[in-house]
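Visitor: Build the 3D model from these lines:
(one chain, ligands or ions: 1)
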Amino acid sequence: MKRIVILISGRGSNMQALVEAGLPVAAVISNRADAGGLAYAAGRGIATAIVPHRNYATREAFDAALAQAIDGFRPDLVVLAGFMRILTDSFVRRYQDHMLNIHPSLLPAFPGLDTHARALAAGVKLHGCSVHFVTAALDHGPIVIQAAVPVLAHDDEARLAARVLAQEHRIYPQAARWFVEGKLVIDSGVVRVMGDHPQQLYAP
Ligand code: GAR
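Guide: Below you'll find the predicted structure:
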């Protein structure tokens, strides 16, 4: 059985979607003791751990402690689910091709924060979310699956965010399942899924 460790910083709704999809989640780790998702994980009998970034003087020291906590659970896959820390290159290298992230935009558009507000300000007509393998460049890396939603005339940030989040909860479990089933192949930076599985979704 493959083992997944999920890293969260807050509410953890994507983590919850992964757990509810029946994926083999060995542990949930947070950099914040007050992350809402920790109570849910504990309630489901999943091991939890907290590695508070404020306890470490440097990113390197924090990432080393985080890696130690992760490796204690012997994961095959590390899943970043709203984990709001910039990772050092050596941490990213350690989990290269074994670490996924979800980002609330159609990458490579809108990396970074405030993606929904920026999408509205840019006037894009399609927005969405992406699951990708993590590389050293923030919110970049081989894309596993994307979901697109329309941007409607009277959208505000909250409405658009909710529409995107509903799709995050669909594509993240799908991507993680493909990984644990050994179906993902990265070929020159492009991810393919073995078998005939669509890597995009449109949710009007
Ligand atoms: C999600 O929308 C996720 O895509 C985003 O944070 C939210 C976490 O929600 N991640 C990023 O912006 C990473 N760059 P959740 O804690 O309920 O899953």
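
Visitor: all contacts plus neighbour counts: C-alpha atoms, from now on.
Guide: Will do.

Visitor: And stretch 43-52, what's buried?
Guide: Neighbour counts over stretch 43-52 (16 or more other C-alpha atoms under 10 Å) mark 47-51 as buried.

Visitor: Go back to those residues and keep what's next to the ligand.
Guide: The subset of the buried residues of stretch 43-52 within reach of the ligand, by C-alpha under 6 Å from any ligand atom, is empty.

Visitor: Give me the pLDDT for Asp196.
Guide: Predicted confidence (pLDDT) for Asp196: 85.

Visitor: Contacts only, for it.
Guide: By C-alpha atoms under 8 Å, 6 or more residues apart in numbering, Asp196 lies in contact with nothing.

Visitor: Could you measure from it over to Val190?
Guide: Using C-alpha to C-alpha, to the nearest Å, Asp196 is found at 16 Å from Val190.

Visitor: which stretches of this protein form strands?
Guide: Using DSSP state E, the strands found in the chain span residues 4-8, 25-30, 47-50, 77-80, 99-103, 126-133, 143-150, 184-187, 190-193, 200-202.

Visitor: How about residues contacting stretch 161-171?
Guide: 13-14, 17-18, 102, 104, 116, 127-131, 145-149, 203.

Visitor: max-length helix in the protein?
Guide: When the chain is parsed with DSSP state H, its longest helix is helix 157-180.

Visitor: Near the nearest residue to Val51 once chain neighbours are set aside, how many other residues are there?
Guide: Closest residue to Val51 apart from its sequence neighbours, by C-alpha to C-alpha, 6 or more residues apart in numbering: Asn31 at 4.8 Å. For Asn31, the neighbour count with other C-alpha atoms under 10 Å is 22.
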